[in-house]
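Enquirer: Output the structure for:
(chains A, B, C and D)
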Number of protein chains: 2
Amino acid sequence: MSQTSKYIRPLVAVDCLIFGFENQTLKVLLIKRKLQPYQNEWSLMGGFLKDKESADEAASRVLKELTGLEGIFMEQIATFSKFDRDPAERTISIVYSSLIDISKFEAQLNHAYEAHWFKVDEIPALIFDHEEMVAVGRDYLKKKAALQPILFELLGEKFTIPQIQQLYEEVFESSFDKRNFSRKLLGSKLLHKLNEKDKSGSKKGAFYYELDKQTNHYNFNTLLTLAYSQL
Amino acid sequence: MSQTSKYIRPLVAVDCLIFGFENQTLKVLLIKRKLQPYQNEWSLMGGFLKDKESADEAASRVLKELTGLEGIFMEQIATFSKFDRDPAERTISIVYSSLIDISKFEAQLNHAYEAHWFKVDEIPALIFDHEEMVAVGRDYLKKKAALQPILFELLGEKFTIPQIQQLYEEVFESSFDKRNFSRKLLGSKLLHKLNEKDKSGSKKGAFYYELDKQTNHYNFNTLLTLAYSQL
DNA sequence: CCAAAAGTGTTGGTTCTACACCCATGC
DNA sequence: GCATGGGTGTAGAACCAACACTTTTGG
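Expert: From the prediction side, this is the model:
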């Protein structure tokens, strides 16, 4: 096809944006870049598309290569394509995102690439347009979390109501009345109360809950009304 | 950079998915492909990324070249990247979508490429993965329309309540009680009633409304509860 | 005068926000 | 015994779904 010669053939990158929650704080996983240019600067976990590989597959491979994390379901959130976004060479980047329970994957985390969790409000300068990617990802997270009960992915098997509330407040950059929050959350029929308390946060201790797996008639829309005004 | 040689350098396409509303039906704009392979098959409006062009820019250019439509705000909705999605050559495609008032752009529509509006439920076989793109676009439209008053883009300057309701019902593939729908819609403070009726749909005629531009305290969440169960 | 679509009102139940107090415990 | 964070209850307003009848007018 001769007419395709005027069209560009860029490198295609995937960048992985992984959110986690630890010590009551929303965090993002970043690595120190090993390649030139911008060696030793912080960035998302990125790599290039190979032959016969879809972007979904590339994202999983790249994440594993750079962090050791495996079996994490990521979702495509956006594609960045400004012609000068990578000064070295024309590159477009497809961004993938996921939410994980930090403690669950701690053992898997390979520190060869100096992967570190940063609080979302204390993210260092990032290469290229990666800061914009994080911003787009946070926005996506809000919209998604408003409509679906996905934030539980960030918590462990068991968690307390004050913990979940803190997570919601971090994600929506807002604060909620604890009485209303807890009523709505319990009203969702998503949780099952355990006979065990987390005493790390207070003297009294807060009861643990777990996700109720068999419930199939949950009412998530009650939580939506909380989040709606923050979208 | 020698290590980049193992990475692919595919063509990068943009495909435009344009929704419109006409005769109480949600429609999609398609063209008959002029290029080999799959000449004369129906497809979205697509083209390739050029030098120094971002995907956003390419999408606007391609849409204009193939249909004559200009000044349409499109949003990026997803990127398709399976390695064999285009049998001729490795190509990834970034899909953009928009909602337009068909009658407003009718004059601009250049029929050189045989652009036609198809009802969403009567879309012919499409090339490559374009049918999947339409499906993803419809899903995106639902989510977006549930959270924001965007469907008005599909209607003209003035419209009647039964018209809007029909549009909502098409988009959400559902039906709503007209009394509740109209109460919520008017309660949103988004509309301004005109002293004029549309008599084309009934003997009695339905009053026209227009978008109230100055209102900045609208209550869109009331409409959300209608749509929520369809997401 | 009648068919066909527009328009409107009510009710009982549910959920909303806003708010203040008691509880359990470790120190 | 007190400071700290956990947990709950209430009231009045707003909103919800479900439902049936009247209005207008072209034919």
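
Enquirer: Only C-alpha atoms from now on, for both contacts and neighbour counts.
Expert: Will do.

Enquirer: can you tell me which helix or strand A:Ala146 belongs to?
Expert: Of the helices and strands defined by DSSP states H and E, A:Ala146 is found in helix A:130-147.

Enquirer: Which secondary structure elements does the host helix or strand of A:Leu167 sit against?
Expert: Taking DSSP H and E as the definition, one finds A:Leu167 inside helix A:161-172. The elements that helix A:161-172 packs onto, with contact taken as 3 or more Cα pairs under 8 Å, 6 or more residues apart in numbering or on different chains; DSSP states H and E, are strand A:25-32, helix A:130-147, helix A:178-187, strand A:206-211.

Enquirer: Can you give me the neighbour number for A:Gln36?
Expert: Other residues near A:Gln36 come to 10 when the count uses other Cα atoms under 10 Å in any protein chain shown.

Enquirer: where's it relative to A:Asp86, distance?
Expert: Here A:Gln36 is placed at a distance of 12 Å from A:Asp86 (Cα to Cα, to the nearest Å).

Enquirer: likewise A:Leu141?
Expert: Per Cα to Cα, A:Leu141 is found 26 Å from A:Asp86.

Enquirer: for A:Ile127, same thing?
Expert: 9 Å.

Enquirer: what does A:Leu99 give?
Expert: Distance from A:Leu99 to A:Asp86, counting by Cα to Cα: 27 Å.

Enquirer: Between the two, which has more neighbouring residues?
Expert: When A:Leu99 is set against A:Asp86 and neighbours are counted by other Cα under 10 Å, the residue ahead is A:Leu99, at 23 against 16.

Enquirer: and the residue in chain A that DNA strand D sits nearest to, what is it in contact with?
Expert: Among all residues of chain A, A:Ala206 sits closest to DNA strand D, at 3.4 Å; criterion: Cα to the nearest atom of the strand. Residues in contact with A:Ala206, defined by Cα atoms under 8 Å, 6 or more residues apart in numbering or on different chains, are A:Thr160, A:Ile161, A:Pro162, A:Lys197, A:Asp198, A:Lys199.

Enquirer: about what we covered before: quick check: buried residues in the helix holding A:Ala146?
Expert: If you call a residue buried by 16 or more other Cα atoms under 10 Å in any protein chain shown, then helix A:130-147 has these buried ones: A:130-131, A:133-134, A:137-138, A:140-143, A:145-147.

Enquirer: can that helix be found next to DNA strand C?
Expert: No. Using Cα under 7 Å from any atom of the strand, helix A:130-147 stays clear of DNA strand C, coming no nearer than 12.5 Å.

Enquirer: before we move on, back to that, starting at the chain centroid, how far to the helix holding A:Leu167?
Expert: Centroid separation for helix A:161-172 versus its chain: 15 Å, with Cα atoms, centre = their mean, to the nearest Å.

Enquirer: likewise stretch A:164-174?
Expert: Centroid separation for stretch A:164-174 versus its chain: 14 Å, with Cα atoms, centre = their mean.

Enquirer: now stretch A:105-112
Expert: In terms of Cα atoms, centre = their mean, the centre of stretch A:105-112 is set 16 Å apart from its chain centre.

Enquirer: before we move on, what about stretch A:11-27?
Expert: Centroid separation between stretch A:11-27 and its chain, computed with Cα atoms, centre = their mean, is 4 Å.

Enquirer: What of stretch A:64-82?
Expert: Per Cα atoms, centre = their mean, the displacement of stretch A:64-82 from the mean C-alpha position of its chain is 10 Å.

Enquirer: Over to stretch A:113-122?
Expert: For stretch A:113-122, the gap between its own C-alpha mean and the chain's C-alpha mean amounts to 12 Å (Cα atoms, centre = their mean).

Enquirer: Any chance you could list what contacts it?
Expert: For stretch A:113-122, using Cα under 8 Å, 6+ apart, the contacting residues are A:20, A:25-34, A:66-67, A:109.

Enquirer: list the buried ones in that stretch?
Expert: Counting neighbours by 16+ other Cα under 10 Å, the buried set in stretch A:113-122 is A:Tyr113, A:Glu114, A:Ala115, A:His116, A:Trp117, A:Phe118, A:Lys119, A:Val120.

Enquirer: of the residues you listed, closest to A:Lys52?
Expert: A:Tyr113 (26.2 Å; Cα to Cα).

Enquirer: Let me know the pLDDT of the closest one.
Expert: Reading off the per-residue confidence, A:Tyr113 sits at a pLDDT of 80.

Enquirer: do you know how far it is from B:Lys144?
Expert: Here the distance between A:Tyr113 and B:Lys144 works out to 38 Å (Cα to Cα).

Enquirer: just A:Ser175 next, same as before
Expert: Taken as Cα to Cα, the span from A:Ser175 to B:Lys144 is 25 Å.

Enquirer: Identify all contacting residues around stretch A:224-231.
Expert: Counting contacts by Cα under 8 Å, 6+ apart, the residues outside stretch A:224-231 that touch it are A:Lys142, A:Lys143, A:Ala146, A:Leu147, A:Phe172, A:Glu173, A:Ser174, A:Phe176, B:Asn221.

Enquirer: DNA strand D next: which of the residues you listed are close?
Expert: Intersecting the contacts of stretch A:224-231 with the contacts of DNA strand D gives B:Asn221 (criterion: Cα under 7 Å from any atom of the strand).

Enquirer: Kindly reformat the contacts of stretch A:224-231 as JSON lines containing pLDDT.
Expert: Putting the contacts of stretch A:224-231 into JSON lines (pLDDT from 0 to 100) gives the following:
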{"residue": "A:Lys142", "pLDDT": "95"}
{"residue": "A:Lys143", "pLDDT": "95"}
{"residue": "A:Ala146", "pLDDT": "94"}
{"residue": "A:Leu147", "pLDDT": "92"}
{"residue": "A:Phe172", "pLDDT": "96"}
{"residue": "A:Glu173", "pLDDT": "95"}
{"residue": "A:Ser174", "pLDDT": "95"}
{"residue": "A:Phe176", "pLDDT": "96"}
{"residue": "B:Asn221", "pLDDT": "87"}
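
Enquirer: Does A:Gly46 have any beta-bridge partners, and if so which?
Expert: The residues listed as beta-bridge partners of A:Gly46 by DSSP bridges are A:Asp15.

Enquirer: what's the burial count for it?
Expert: Neighbouring residues of A:Gly46 were enumerated by other Cα under 10 Å; the total is 23.

Enquirer: One more: A:Ser103?
Expert: Neighbours of A:Ser103 under the rule other Cα under 10 Å: 14.

Enquirer: Quick one: residues contacting it.
Expert: For A:Ser103, the set of contacting residues under the criterion of Cα under 8 Å, 6+ apart consists of A:Glu22, A:Gly156.

Enquirer: A:Asn195 too?
Expert: Neighbouring residues of A:Asn195 by Cα under 8 Å, 6+ apart: A:Phe207, A:Tyr208.

Enquirer: sorry, back to before: show me the contact partners of the helix holding A:Ala146.
Expert: Contact with helix A:130-147 is made by A:17, A:43-44, A:77, A:95, A:97, A:125, A:150-151, A:171-172, A:220-221, A:223-224, A:227-228, A:231, as judged by Cα under 8 Å, 6+ apart.

Enquirer: Buried among the residues you listed? Need that as a selection in ChimeraX.
Expert: Selecting only the buried members of those in ChimeraX, with burial defined as 16+ other Cα under 10 Å, works like this:
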select /A:17,43,44,77,95,97,151,171,172,220,221,223,224,227,228
